[in-house]
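Engineer: what follows is a predicted structure for the sequence shown.
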Amino acid sequence: MKVARRRIHGFVRFLLAMVMAFAVAVSASAQGEDAASRAQADAFIVQASAALQAGDLGEAAALSRSALQLAPAYSEALLVSARVESQDRDSTASALEHVQAAIRSGSWGTTDPAVARQLLSGLLTRTGRTAEARREAERLQASRPDDPINFLLVARALDKAGSLAAEVSALSAALSRFPESDELRLQQAAALARLGRNAEAAALVRTGLKVHPGSLPLLLSSASLEMDRMVRRSQADQYLSRGGADPLAAVVGMETVPVSQRRAYLDEFLSRSGLSRQDLVVRVQDAVKGSRELSAALASALAGYTGNRDLDGDFDGYWDERWTFDAGKLIHWTRDTAENGSPPYEASFRDGAPESFSVRASGGAVTRFWYSRYPWLDRVDLPGDGTWFLVPYTMQCAFLRDGLVAADGTAPRIARRPLIPSADAVRRGSSRHEQYGEDGKTLLRRIDVVRGLPVYMEESLGGDGVLDHRVWFYAGRPVRGVRSLAGDGVFQVSETWKDGTLAAEAVDTDGDGKVDYRETYGQTPVRSWDYNEDGRDDCREFLLPDGRHLRELSTRLDGVFDVRVVTRGARIESATRGGRALQVTVDAARGVTWIGEPAPAQARPDPSSANQVQELAGASYLVFGIDGILYAEALGR
């Protein structure tokens, strides 16, 4: 039967799509491309609304996305997207954006714009923006005074804001206008009960039952408020026998009868997913205390429970806190008082103990505290600043009111305002700091710290997790470092730092343990080479103030620079030895520019061994490159 219904459903949607496609052709010729895209979107909007009504949120979301792609500024497409997104807490912010965009656009087809404004007011109330919600609802109330929903929206905004007296007053006026509205009546009864005016609330609901005797919500509300125990039990039983799904009725019945008669109500409570309601679990635990049998039955159910347990602290129909259990063990907790999918606090648990605690700032950045042994912290993930490992057993972050998690499957109580260590305190109390790549796993940097200041660092310059750079610090500033050119654990480069800035590098390019290349930084960077590795530079180069490039050579490799080569770009402007000009010969055939006497015709320098002395036909030549040009300086025989 279900399969047949799905096929009929699909066929109806197919017919709708065909009808709308035909409308596209007519509309497109009459009104142009914009109208055509909206007509196409209408086909998806109709199907998305049907899927939403059927409870198929996945299909509704896919169809609404298709509608928005076709007509991104179309109010009808924006509204159906907002309706779908409003069903999922995590997409509440997107729902708000879309419904506001729909109202701004004003490009409505068949929908009354007031429907969008009602959705907007409800979303604003849910997310705690009660002043905006109330203004929106009051505008609707003034423009559409014949719709009781607009009066209910005002009351809900007042309720969320905690203005119970004003809410009761507003609801009294609304009920006098719409005496048959069960929603208004139930809202006022709940507000009166929270004000301690239970007798008034009960009388209000009894009046409603006279108008609508078959209303299950009114029946359950009456049972909850009724003072007469016999009537109270009778109404709870009626609610359960008529198929009422709210486990509150079973709790009311359990609290009304003697302990010996409570087993049936406990079974009803469990069969109606009562363990998913934190407020009711607490009441049931109290109700079974007088019976070892009932206590054992409840304990067994709690120990095997898998799923969420919610608490709706502000009675608006949406949970504010959620505990998640797996076979009776707590694994996660969330507090989302704004009810928008961006919870300010979350915690994960392992083996019955807190594993981590997360704090979300108003801008969305999340700080995550990890425990070694609760409440002692092991490490902290600071947003945009990596992970800081704390000195063991020196810093706490407590959020459990009772300091422990019960092992019986009950939900622990969480502090209303947990004491959270500041980011500065975390840094000062850490011994190590680690930073990771975008994947959250590849280690990019590891820093040893003392009182928040670095003393030693290892990092991956290539971002591949290979730690090929080390730096030592003094008073928080780098003073020396080493670097591996191949990432093989051999550090060929030695760094010198001055005033927190890299001042010089010395390199062992051939891996023989001796420095043969240096580079100093500053106002005039200088590169220098020690070709025979005797500790004295044999060549150095730097830029002149006028932008020309100067290379000085020690042709006897004794550290005395006797040859000067000045170039501008790839062109040699001058080559001198002891102030006297040297011969410069461009040899295109061999791909080299000779300084001094060229080598015999059969000799060709090896470009792969540039910046080295090479023997060519029995004579020594210093081979080097500047701006992609290979040069060979005759050193003699």
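Structural biologist: Arrived safely, thanks for sending. Values in this document were obtained by computation on a predicted structure and should not be read as measured data.
Engineer: which residues touch stretch 621-634?
Structural biologist: With contacts defined as CB atoms under 8 Å, 6 or more residues apart in numbering, stretch 621-634 is touched by 531, 538-539, 541, 549, 551, 553, 555, 563, 565, 567, 569-570, 591-599, 605-607, 609-616, 619-620, 635. Where C-beta positions appear, they are placed from N, C-alpha and C, glycine not excepted.
Engineer: from the residues you listed, list the buried ones, please.
Structural biologist: For the contacts of stretch 621-634, a neighbour count by 16 or more other CB atoms under 10 Å gives the buried set as 531, 538-539, 541, 549, 551, 553, 555, 563, 565, 567, 592-596, 598-599, 605, 610-614, 616, 619, 635.
Engineer: tell me where the stretch 1-150 of the chain is predicted with low confidence.
Structural biologist: For the stretch 1-150 of the chain, the stretches with pLDDT under 70 are 1-33.
Engineer: and Leu582, how far is that from Ala361?
Structural biologist: Going from Leu582 to Ala361 by CB to CB, to the nearest Å gives 68 Å.
Engineer: which one's more surrounded, those two?
Structural biologist: Taking neighbours as other CB atoms under 10 Å, Leu582 and Ala361 compare with Leu582 leading, 19 against 10.
Engineer: wait, the more buried one touches Val566, no?
Structural biologist: No. Leu582 is beyond contact range of Val566, at 11.5 Å (criterion: CB atoms under 8 Å).
Engineer: list residues touching both of those two?
Structural biologist: When contacts are counted by CB under 8 Å, 6+ apart, Leu582 and Val566 are jointly contacted by Ala575.
Engineer: for this structure, give me the ranges with low pLDDT.
Structural biologist: The chain contains residues with pLDDT under 70 at 1-33, 636-637.
Engineer: coming back round to it: narrow the buried ones among the contacts of stretch 621-634 to those in helices?
Structural biologist: Among the buried ones among the contacts of stretch 621-634, none falls in helices (DSSP state H).
Engineer: strands - which of those residues land there?
Structural biologist: In this view, these that belong to strands under DSSP state E are 539, 541, 549, 551, 553, 563, 565, 567, 592-595, 612-614, 616, 619, 635.
Engineer: not counting sequence-adjacent ones, nearest residue to Glu434?
Structural biologist: Thr387 (4.7 Å; CB to CB, 6 or more residues apart in numbering).
Engineer: same thing with Leu140?
Structural biologist: Nearest to Leu140 is Asn150, by CB to CB, 6+ apart, at 4.1 Å.
Engineer: just give the number of residues close to the one you found.
Structural biologist: Residues within reach of Asn150, counting by other CB under 10 Å, total 23.
Engineer: quick check, it in a helix?
Structural biologist: Yes. Counting by DSSP: H, G, I helix; E, B strand; the rest coil, Asn150 is found in a helix.
Engineer: got the contact list for it?
Structural biologist: 114, 118, 137, 140-141, 144.
Engineer: top of those residues by number of neighbours, please.
Structural biologist: If you count neighbours using other CB under 10 Å, the busiest of those is Ala137, which has 27 neighbours.
Engineer: which SS class is it?
Structural biologist: Secondary structure assignment for Ala137 (three-state DSSP): helix.
Engineer: against Asp402, how distant is it?
Structural biologist: Taken as CB to CB, the span from Ala137 to Asp402 is 40 Å.
Engineer: same check, this time on Glu180
Structural biologist: To Asp402, Glu180 is 47 Å away according to CB to CB.
Engineer: neighbours of Gly524, how many?
Structural biologist: No, residue 524 isn't Gly; it's Thr. So Thr524, with other CB under 10 Å, has 10 neighbours.
Engineer: does it belong to a helix, a strand or coil?
Structural biologist: Thr524, by the three-state scheme (three-state DSSP), is coil.
Engineer: ok, now which ones touch it?
Structural biologist: Taking CB under 8 Å, 6+ apart, we find Thr524 in contact with 542-543.
Engineer: then the one 3 residues further on?
Structural biologist: With contact set as CB under 8 Å, 6+ apart, Arg527 has these partners: 517-519, 540-542.
Engineer: how about the closest residue to Leu158 other than its chain neighbours, secondary structure?
Structural biologist: Excluding the flanking residues, the one nearest Leu158 by CB to CB, 6+ apart is Glu167, at 3.9 Å. For Glu167, the assignment made with three-state DSSP gives helix.
Engineer: how far away is Glu167 from Ala193?
Structural biologist: Distance, Glu167 to Ala193, by CB to CB: 12 Å.
Engineer: partner strands of the helix or strand encompassing Phe624 and their direction?
Structural biologist: Assigned by DSSP states H and E, Phe624 belongs to strand 619-626. Strand 619-626 pairs in its sheet with strand 612-616 (antiparallel), strand 629-636 (antiparallel), by DSSP bridges.
Engineer: taking strand 563-568 as reference, get the angle to it.
Structural biologist: Here strand 619-626 points in a direction 30 degrees away from that of strand 563-568 (axes from the mean of the first three to the mean of the last three CA atoms, to 10 degrees).
Engineer: hey, C-alpha coordinates of strand 619-626 in PDB?
Structural biologist: Extracted in PDB, the C-alpha atoms of strand 619-626 (Å, rounded to 0.1, in the frame of the first residue of the first chain):
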ATOM      1  CA  ALA A 619      93.300  25.500 -16.900                       C
ATOM      2  CA  SER A 620      91.100  26.500 -13.900                       C
ATOM      3  CA  TYR A 621      87.900  28.400 -14.500                       C
ATOM      4  CA  LEU A 622      85.400  29.800 -12.000                       C
ATOM      5  CA  VAL A 623      82.000  29.000 -13.600                       C
ATOM      6  CA  PHE A 624      79.000  30.900 -12.300                       C
ATOM      7  CA  GLY A 625      75.600  32.200 -13.500                       C
ATOM      8  CA  ILE A 626      73.900  35.600 -13.300                       C
END
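Engineer: any chance of the strands paired with strand 619-626 in JSON lines, plus distance to Gly476?
Structural biologist: Shown next, in JSON lines, are those (distance: least, CB to CB, whole Å):
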{"stretch": "strand 612-616", "distance to Gly476": "41"}
{"stretch": "strand 629-636", "distance to Gly476": "45"}
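Engineer: so which of those strands is nearest Ala189?
Structural biologist: Nearest to Ala189, of all the strands paired with strand 619-626, is strand 629-636, at 92.2 Å by CB to CB.
Engineer: ok so, going back, let me know the closest of the contacts of Arg527 to Asp56.
Structural biologist: Using CB to CB, those come closest to Asp56 at Glu519, 66.0 Å.
Engineer: show me which residues of the helix or strand that contains that closest one are buried.
Structural biologist: Secondary structure assigned from DSSP H and E places Glu519 in strand 517-520. Using 16+ other CB under 10 Å as the test for burial, strand 517-520 gives 517-518, 520.
Engineer: nearest to Asp246, of the contacts of Arg527?
Structural biologist: Comparing those against Asp246 with CB to CB places Glu519 closest, at 76.6 Å.
Engineer: ok, now how distant is that closest one from Gly313?
Structural biologist: Here Glu519 is placed at a distance of 64 Å from Gly313 (CB to CB).
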